[in-house]
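Q: sequence and predicted structure are below.
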Amino acid sequence: MNEKNFTMNEYLDVNVNKDLLPLCSDCYRALGWTIVSTSNGIGTVTVKLQRDRKIKNRTALCDLQRKCEEAFKSIECLEKSKTKNAVAASLGIGLIGTVFMAGSVFAYLASAIWLCVILAIPGFIGWILPYFLYKKIEKQSINKAVAIIDQNYDVIYESCEKASNLLN
C-alpha cells in the first residue's frame, strides 16, 4: 500500500490595524504561520494565515501567540484611548458653556441684561476652554499610554524571539 505524505494545516484569520500590519506579519511568521492573503477594510486589514498542524513545539508556540495577540489588542486599545478622554472632557465643557450661553440668550429676551452678562461670561469660557483642556488631557494620556505601549512592544519582540528559537 502506497502512503502519501499528507499534512493537515490549521488556518487563522486576523483583523489588524493598518499601522500594526508590518509588525503583525513579522510576528506571525516568527510563530510559524505563512500569510496566504490579505484584504483591506476600513482602518483594518484581514490577514489569512496557515501553518502545519504538526509543527514542532506547537503548544509553546500557541502560548507565545496568545501573549502576542493580547499585546496587539492592548496596543490598539491604548492607541484609541489617547484621545478618548480628552474628547469627552472637551465636549462636556463645551456643552456646559452652550447651556450658559442659551441661558444668556433667554435672559436677554426677557430684558434681564444683567443676568445675560452674568450667564454669557461662563458661556464664552465654556466655549474657549475645551481647546486648551483637550490639549492638556491629550498630552497626559499620550504620556501614560506610550510607556505601556512600549512594554507591549517588548512583550511582542521577546515572544517572537522565543518562537524563532523554538522553530530553529
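A: Alright, I've got the coordinates.

Q: list the residues that contact the residue nearest to Gly126 when sequence neighbours are not counted.
A: Nearest non-adjacent residue to Gly126, counting by C-beta to C-beta, 6 or more residues apart in numbering: Gly97, 1.7 Å away. For every residue, glycine as well, the C-beta is placed using N, CA and C. Residues near Gly97 by C-beta atoms under 8 Å, 6 or more residues apart in numbering: Pro122, Gly123, Phe124, Ile125, Gly126, Trp127, Leu129, Pro130.

Q: burial of the residue lying closest to Leu91 once chain neighbours are set aside, as a residue count?
A: Excluding the flanking residues, the one nearest Leu91 by C-beta to C-beta, 6+ apart is Pro130, at 7.4 Å. Close neighbours of Pro130, defined as other C-beta atoms under 10 Å, add up to 21.

Q: pLDDT of the strand or helix carrying Pro130, averaged?
A: Using DSSP states H and E, Pro130 sits within helix 113-167. For helix 113-167, mean pLDDT rounds to 93.

Q: I'd like the numbering to begin with 31 instead of 1 from here.
A: Done: numbering now begins at 31, and the last item shifts to helix 143-197.

Q: so what secondary structure elements neighbour that helix?
A: If you count contacts as 3 or more C-beta pairs under 8 Å, 6 or more residues apart in numbering; DSSP states H and E, helix 143-197 packs onto helix 51-60, helix 88-139.

Q: tell me how far it lies from the chain's centre.
A: Centroid separation for helix 143-197 versus its chain: 12 Å, with C-alpha atoms, centre = their mean, to the nearest Å.

Q: so which of the contacts of Gly127 comes closest to Arg96?
A: The nearest member of those to Arg96, counting by C-beta to C-beta, is Pro160 at 41.0 Å.

Q: ok, the closest one - contacts?
A: By C-beta under 8 Å, 6+ apart, the neighbours of Pro160 are Ala119, Ser120, Leu121, Ile123, Gly124, Gly127.

Q: what sits closest to the residue nearest to the spatial centre of the chain if chain neighbours are left out?
A: Centroid-nearest residue in the chain, with C-alpha atoms, centre = their mean: Glu106, separated by 2.2 Å. Counting by C-beta to C-beta, 6+ apart, Glu106 lies nearest to Asn47, which is 5.5 Å off, once chain neighbours are set aside.

Q: phi and psi next, for the one you found.
A: The phi and psi torsions at Asn47 (degrees, to the nearest 10) take the values phi -60, psi 140.

Q: any idea how far the residue nearest to Gly156 lies from Lys169?
A: Distance, Gly127 to Lys169, by C-beta to C-beta, to the nearest Å: 22 Å.

Q: right, I'll call it a day here.
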